[in-house]
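Q: the following comprises the amino acid sequence and a computationally predicted model.
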Amino acid sequence: MPPTEHKGLLRWVDEVAGLVQPARAYWCDGSATERDRLYEELVSAGTFIPLSPATRPDSYLARSDPRDVARLEGRTFICCQREADAGPTNNWVPPDQMRTQLSALFAGSMRGRTMYVIPFAMGPAGSPLEIWGVELTDSPYVVVNMRIMTRMGTAVLDALGQEGEFVRCLHSVGAPLAGKDRSVPWPCDPGNVHIAHFPETREIWSYGSGYGGNALLGKKCLALRIASTMARDEGWLAEHMTVIKVTAPSGEVKYMAGAFPSACGKTNLAMLVPTLPGWKVETIGDDICWMRLGSDGRLYAVNPETGFFGVAPGTNETTNPNAVATVSHSTIFTNTALTPDGDVWWEGLTPEPPEGLIDWKGDGWSPERSDKAAHPNSRFTVPAAQCPSIAAEWMDPEGVPISAVLFGGRRSSTVPLVLEAFSWEHGVFLGTCLASETTAAADGAVGVLRRDPFAMLPFCGYNMADYWAHWLSMATTAGREHLPKMFLVNWFRQGAGGGYLWPGFGENSRVLAWVFARCGQAGHEGPGGDGQARQTPIGWVPAPGALPTDGLAVAAPQLEELLRVDLGEWRAEAALLRDYYNLFGDRLPAGLAGELAALEQRLAEVP
Ligand code: GTP
Ligand code: SPV
Ligand code: MN
């Protein structure tokens, strides 16, 4: 007997079963017993390799099919009725056409497999922003990851009752067992991947991939693409942002949100250990942030997730000790390398790779090989509660009031270490300017500069220009007095010889301290207070000496270079931006056209 009397849910589960033809349906209760049983099954299916209980208790390594290793942006679709509502930055297919296409792929796609029914909730229980979903999947790997990343199980069915609204999330790896009695360890159908979103009916259909955001549908699909359309309709914000709690030596607390494109530093910022004495950073969330206006006119943020799906490479005791501690037990690793004594390894974990490594594909590896032992997009899935820096209020249903929003990409040039916007509108403009060199988090070339406004390029479920208008509208709704200040940051500026000018990681606390001080100012205009600033055509940058540099191993000329605003580079940037804005035609908000014109004017006025 299904453990619910929700007729709409029961009907949908029946309908899907009729289409995908699973051997059986199983309703997940979210219990520890269920988890243990699924882990055993994953081990016997060869999907999970148990790690050594001595060094990595209760932890497992999964190796994906080498053709299924990252999000597939080219196979991600927004299927709303009108193409213009998806906008020029999304792949659009009319909903009926996509349904027909997908129905053919899903027909019989779960034959011989179990269809798991996963009731889950995104957002703290009882939060005004809580959203329920149900994912139907034939992947037990997805089930156990969803159990970490969301609040999953019977309590959600109880909360749904008989009529509660939920987002329908359908997922199949697209590898029916027909005839075979044993699955391969990582089934998928890489030639036919579709990740389709139907914002008007709040549905997600994902076919062919078992990896990350393609398959854990609560994450980017629901909490960003679908949620962004709900946020537009309901007056809140669904963002690709990390959320941190910053405590100054005085004990004063401010919360900050940071939008950085995939693999550009959100998880690291979330877990930052300040090098500045007396400062403390704690974690609210590391990837997604939902914000609503409080009655006091401030933006309140919640983290809709309960776990981290973080990038492994580059994580070590020095760069991110909190992440290292978080994954010391009860963690699922995907596509890392394996050591001979049953532990995981990735590039950057230790300066030298251990002897006798097995690479992410399961083959012997040695340092002479030119390829990496761990896949560059290898990841850990781990409960947020295990993180030593998790803040006490991380699950507060009301959320935390945000004082600053940071936008940061990977820019080898042009963008200084930090700059502050002149106003809310100018801050939104800076958000639209965000651009970043691409990473391994998505398929395609790495290191190519592309516009990634608000770090939402792959995650905005509607017309990007309408999304910008939605951001602008916050100031009209709430008044700007209590809205967060906005900043552009860049940890990745390079010097003439290549190589990063800024040490990053814990040293980023120096930038946070300046931001903190800037948020203490009453208005947006003018230098003053402890965070002294210098006005430039692109925004406020730290005045000479205003960044706390005690104990910082960065020479003065290098610091000057980091903060330098190169007018030539910015004139080129403004021209690129004008081309980019042209993509959006008359959907471009007038306020942003005005900001761009004002920037061009300011750049023209300086000799
Ligand atoms: P997603 O989970 O894909 O959204 O990525 P993310 O934004 O959480 O990025 P993450 O913090 O995992 O960092 C990605 C990569 O950038 C890792 O290899 C980090 O070591 C590296 N990184 C993060 N912060 C810094 C920094 O301040 N400086 C430098 N040089 N590298 C950094
Ligand atoms: C990202 O690519 O931004 C991720 C990984 O956080 S995934 O969940 O696969 O989208
Ligand atoms: Mn991350």
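A: Received it, and whenever you're ready, just let me know what you need. Ligands and ions are numbered 1, 2, ... in the order given.

Q: check contacts around whatever residue of the stretch 51-200 of the chain ends up closest to ligand 1.
A: Going by C-beta to the nearest ligand atom, ligand 1 is nearest to Arg71 of the stretch 51-200 of the chain, at 8.8 Å. For the C-beta atoms, the positions are set from N, CA and C on the backbone; glycine is no exception. Residues counted as contacts of Arg71 (C-beta atoms under 8 Å, 6 or more residues apart in numbering) are Tyr211, Gly212, Gly213, Asn214, Lys220, Ser262, Ala441, Ala442, Asp443, Pro458.

Q: then Gly265?
A: With the criterion set at C-beta under 8 Å, 6+ apart, Gly265 makes contact with Gly258, Gly408, Trp491, Gly504.

Q: nearest to Arg451, of those?
A: Gly408 (14.4 Å; C-beta to C-beta).

Q: for Glu347, see how far away the closest one is.
A: Relative to Glu347, Gly408 is positioned 22 Å away (C-beta to C-beta, to the nearest Å).

Q: when those two are compared, which one has more neighbours?
A: Of the pair Gly408 and Glu347, Gly408 is the one with more neighbours under other C-beta atoms under 10 Å, namely 28 against 19.

Q: which residues touch the more buried one?
A: Neighbouring residues of Gly408 by C-beta under 8 Å, 6+ apart: Gly258, Ala259, Phe260, Cys264, Gly265, Leu434, Leu488, Val489, Asn490, Trp491.

Q: neighbours of the third one, how many?
A: So the one you mean is Phe260. When neighbours are counted by other C-beta under 10 Å, Phe260 registers 26.

Q: ok, the fourth one next?
A: Neighbour count of Cys264, defined by other C-beta under 10 Å: 27.

Q: for the nearest residue in space to it that is not next to it in sequence, give me its contacts.
A: Spatial nearest neighbour of Cys264, excluding adjacent residues (C-beta to C-beta, 6 or more residues apart in numbering): Arg410 at 5.4 Å. Applying C-beta under 8 Å, 6+ apart, we find Arg410 in contact with Pro261, Cys264, Ser436, Glu437, Thr439, Asn490, Phe492.

Q: just to revisit the earlier point, return the closest of the contacts of Arg71 with respect to ligand 3.
A: Ser262 (7.5 Å; C-beta to the ion).

Q: from what I can see that closest one touches Ala442, true?
A: Yes. Assessed by C-beta atoms under 8 Å, Ser262 is found in contact with Ala442 at 6.4 Å.

Q: what is in contact with these two at once?
A: Counting by C-beta under 8 Å, 6+ apart, the contacts common to Ser262 and Ala442 are Arg71, Pro458.

Q: more neighbours, the two?
A: Just comparing Ser262 and Ala442: by other C-beta under 10 Å the higher neighbour count belongs to Ser262, 26 against 20.

Q: got the residues of the stretch 201-350 of the chain near ligand 1?
A: 260, 262-268, 287, 310-311, 313-314, 319 (C-beta under 6 Å from any ligand atom).

Q: ok, now which ones touch the residue of the stretch 451-600 of the chain found nearest ligand 1?
A: Here the stretch 451-600 of the chain gets closest to ligand 1 at one residue, Gly504, 2.4 Å apart by C-beta to the nearest ligand atom. Residues near Gly504 by C-beta under 8 Å, 6+ apart: Gly265, Asn268, Thr319, Trp491, Phe492.

Q: now a PyMOL select for only the buried ones of those.
A: Restricted to buried positions by 16 or more other C-beta atoms under 10 Å, the PyMOL selection for the contacts of Gly504 reads:
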select buried, resi 265+268+319+491+492
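
Q: which two in the contacts of Gly504 are spaced the farthest apart?
A: Spatially, the most separated pair among the contacts of Gly504 is Thr319 and Phe492, at 13.9 Å (C-beta to C-beta).

Q: many thanks, I have nothing further to ask.
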